[in-house]
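Chemist: pasting the sequence and the predicted coordinates here, then a few questions.
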Amino acid sequence: MSNRMNRRDCLRALGLSGLTAGLGLAATQPARAQGVGESSGFQSSVIDARKIQDARLAATIVDGKVIQPQRELPILHQTDVLVVGGGSAGVVAAIAAKRAGASVTLVERYGHFGGLWTGGLVVLILGHIVKGGKQVCQGIGEEMMRRMDKLDGAIINRRPGVNPTVDAEAAKYVMVEMIEEAGVDVFLHCWGVDAIVTQNTVRGVVFESKSGRQAILAKTVVDATGDGDLFAAAGAEFEHRSHNVGLVSRIGNLDQVDAEKAKEAPKPRRLGSATPAPGVNWVNLTGPEVDGLDLATLTRMEINHRKFIWKDVQRARQTPGYEKVYLVETAPQIGVRITRVLNGLNRVRLSDLKAATKFPDVVGVGGASNATHGEWQIPYGALVPTTVDNVLASGRCISMDMGMADLVRLIPNCFVTGHAAGVAAAVAVQDNCRPRDVDIAKVQKILRQQEAYLG
Ligand SMILES: Cc1cc2nc3c(=O)[nH]c(=O)nc-3n(C[C@H](O)[C@H](O)[C@H](O)COP(=O)(O)OP(=O)(O)OC[C@H]3O[C@@H](n4cnc5c(N)ncnc54)[C@H](O)[C@@H]3O)c2cc1C
């Protein structure tokens, strides 16, 4: 019997309606199972009492080693373009590929879109402008900003030459809206754990979720995990770098600081900067330079940063005038800046920024954090692995010099590389070629049609 599911079966199996993004819920109707004396409307029922896994498929211990037996995986879904990671790069990549005509599936390990932008509470959009204030991040990233312009309380500082700040919930809402409108298939709570590779060519991805281990087959994969999880699993060459790992927080009641009393003592440090929510600031935290892929380190960072932030806000509350300031929240997602960086056919180099190099395969123009630099072009080769085929990098893990990492990883620059990867992946599928062989003029034409700025 085939394990293959068609799209409708798979959406049904997930309890999702026919809505392409799978975001409209149509749960099975359980029988009432309300206990005597309960007054609430809770309901529960047995779905399958006999569903057991064959014990022979479980991992076992052989000669003191833990061994996972070979097994066939159910194919959950098939798609033209599979985007793994629903952060700023991945969401833009998925929308771009779908608008370019491919069938697209977007998979995200958490329950929302935006990655560090929203889950990490990094709400300040740096890097969309260059010297002179010209805005170089256009296309789908700018479309998100324009949609937020129309929402109440969603974005502030939307003036030419200024870095805007968004509300994370507004950003999540806009991304859902655009993903739904585009008709992208979505699986949330789904963690990409392995690449499916035959002869150096990626054919799909293995995922782990509460539904078990399943496969999605794809003609082209965009790695938008930020950490290059998929190109690494596929055997592509990369550098493993350390960087500062921080944790963002939001503090409230800054509009209730008693200005007269506040003159009595030095202003508390780390008060952050304004967000669209009145009296609420977002507070960045640089953190130590560590390995953002190391489990023990990530655990320690989460614990230490939360303790530090709580105590820091308590200190601020003891400052005259700041008694009402409080900690609204620490970000659910730890702030990992850079980990794996692809070794691509080309790379984004500091020397090219300084020389304002123009690339024949330009697929985007990067901006700066404080408008001190001119335009710098992003060559398509920075998204393409040297040896492995059918996977493209996007976002903060594309091929780049150490000296360019702190520009490449800025949110608008991740929008730009996500946009490029999505369009290139769709063109590779349409023209039945490897991503390294795409007609770059065609990719550039579609990017311009989608209002991207290529210089
Ligand atoms: C503390 C901090 C402060 C920053 N400050 C600024 C700033 O002020 N302005 C600015 O512009 N930028 C800033 N940045 C940088 C910016 O936030 C990030 O570089 C950018 O958001 C990265 O986008 P991305 O899509 O490449 O990756 P991410 O945002 O990391 O998105 C990756 C997505 O993939 C998902 N994912 C990961 N692995 C898997 C997997 N195996 N399977 C399925 N899904 C997976 C993640 O859950 C996530 O949603 C800051 C970063 C940090 C950490």
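Modeler: Ah, there it is.
Chemist: neighbours of residue 415, just the number please.
Modeler: For residue 415, the tally of surrounding residues (other C-beta atoms under 10 Å) stands at 33. For every residue, glycine as well, the C-beta is placed using N, CA and C.
Chemist: and what of residue 254?
Modeler: Around residue 254 there are 19 residues (other C-beta under 10 Å).
Chemist: helices of the stretch 201-350 of the chain, residue ranges please.
Modeler: 229-233, 259-262, 295-317, 350-355 (DSSP state H, counting those that start in this stretch).
Chemist: and the most centrally placed residue in the chain, bridged to which residues?
Modeler: The chain has residue 87 as the residue nearest its centroid, 1.5 Å off, counting by C-alpha atoms, centre = their mean. Taking DSSP bridges as the rule, residue 87 bridges to residue 114.
Chemist: next up, the contacts around it.
Modeler: Contact analysis of residue 87 by C-beta atoms under 8 Å, 6 or more residues apart in numbering lists 113, 114, 115, 116, 117, 224, 226, 395, 414.
Chemist: who in the stretch 151-300 of the chain is up against the ligand?
Modeler: 191, 192, 224, 225, 226, 227, 229, 246, 248, 284 (C-beta under 6 Å from any ligand atom).
Chemist: care to break the protein down by domain?
Modeler: 75-238+339-449, 243-336 (automatic domain parsing).
Chemist: with mean pLDDT as added columns, please give the ones you listed in TSV.
Modeler: TSV is the format used below for the domains of the chain (pLDDT from 0 to 100):
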stretch	mean pLDDT
domain 75-238+339-449	97
domain 243-336	97
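Chemist: out of those domains, which one sits most buried?
Modeler: Each of the domains of the chain was given a mean neighbour count from mean count of other C-beta atoms under 10 Å, and the largest, a mean of 22, is that of domain 75-238+339-449.
Chemist: and it, how far out from the chain middle?
Modeler: 8 Å (C-alpha atoms, centre = their mean, to the nearest Å).
Chemist: now do the end-to-end distance for that domain.
Modeler: 35 Å (C-alpha to C-alpha, to the nearest Å).
Chemist: that older thread, need the domains of the chain in JSON lines (columns: distance to residue 56).
Modeler: JSON lines is the format used below for those (distance: least, C-beta to C-beta, whole Å):
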{"stretch": "domain 75-238+339-449", "distance to residue 56": "15"}
{"stretch": "domain 243-336", "distance to residue 56": "29"}
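Chemist: tell me which parts of the stretch 1-150 of the chain are close to the ligand?
Modeler: 84-90, 107-110, 115-117, 120, 122, 124-127.
Chemist: mind listing which of these are in helices?
Modeler: 88, 89, 90 (DSSP state H).
Chemist: ok, and the closest non-adjacent residue to the last one?
Modeler: Translated: residue 90. residue 224 (3.1 Å; C-beta to C-beta, 6 or more residues apart in numbering).
Chemist: need the contact list for the one you found.
Modeler: Residue 224 neighbours (C-beta under 8 Å, 6+ apart): 83, 84, 85, 86, 87, 89, 90, 93, 394, 395, 418, 421.
Chemist: pretty sure the second one contacts residue 232?
Modeler: No - using C-beta atoms under 8 Å, residue 84 is not in contact with residue 232, being 11.8 Å away.
Chemist: closest to residue 140 among the residues of the stretch 151-300 of the chain next to the ligand?
Modeler: Closest approach to residue 140 among these (C-beta to C-beta): residue 224, at 13.3 Å.
Chemist: for the stretch 151-300 of the chain, which segments count as strands?
Modeler: 155-156, 165-166, 185-187, 190-198, 201-209, 212-223, 238-240, 243-246, 249-252, 273-274, 281-283, 289-290 (DSSP state E, counting those that start in this stretch).
Chemist: other SSEs contacting the last one?
Modeler: Okay, so that is strand 289-290. Secondary-structure packing of strand 289-290 (3 or more C-beta pairs under 8 Å, 6 or more residues apart in numbering; DSSP states H and E): strand 243-246.
Chemist: now what about the strand it packs on, what contacts it?
Modeler: 284-290, 292, 297-298, 301, 305, 334-339, 405.
Chemist: that older thread, farthest-separated two in the residues of the stretch 151-300 of the chain next to the ligand?
Modeler: The widest separation within those (C-beta to C-beta) is 28.3 Å, between 192 and 284.
Chemist: for the spatially closest residue to residue 313 that is not a sequence neighbour, give its distance to residue 166.
Modeler: Spatial nearest neighbour of residue 313, excluding adjacent residues (C-beta to C-beta, 6+ apart): residue 327 at 4.4 Å. For residue 327, the distance to residue 166 (C-beta to C-beta, to the nearest Å) stands at 21 Å.
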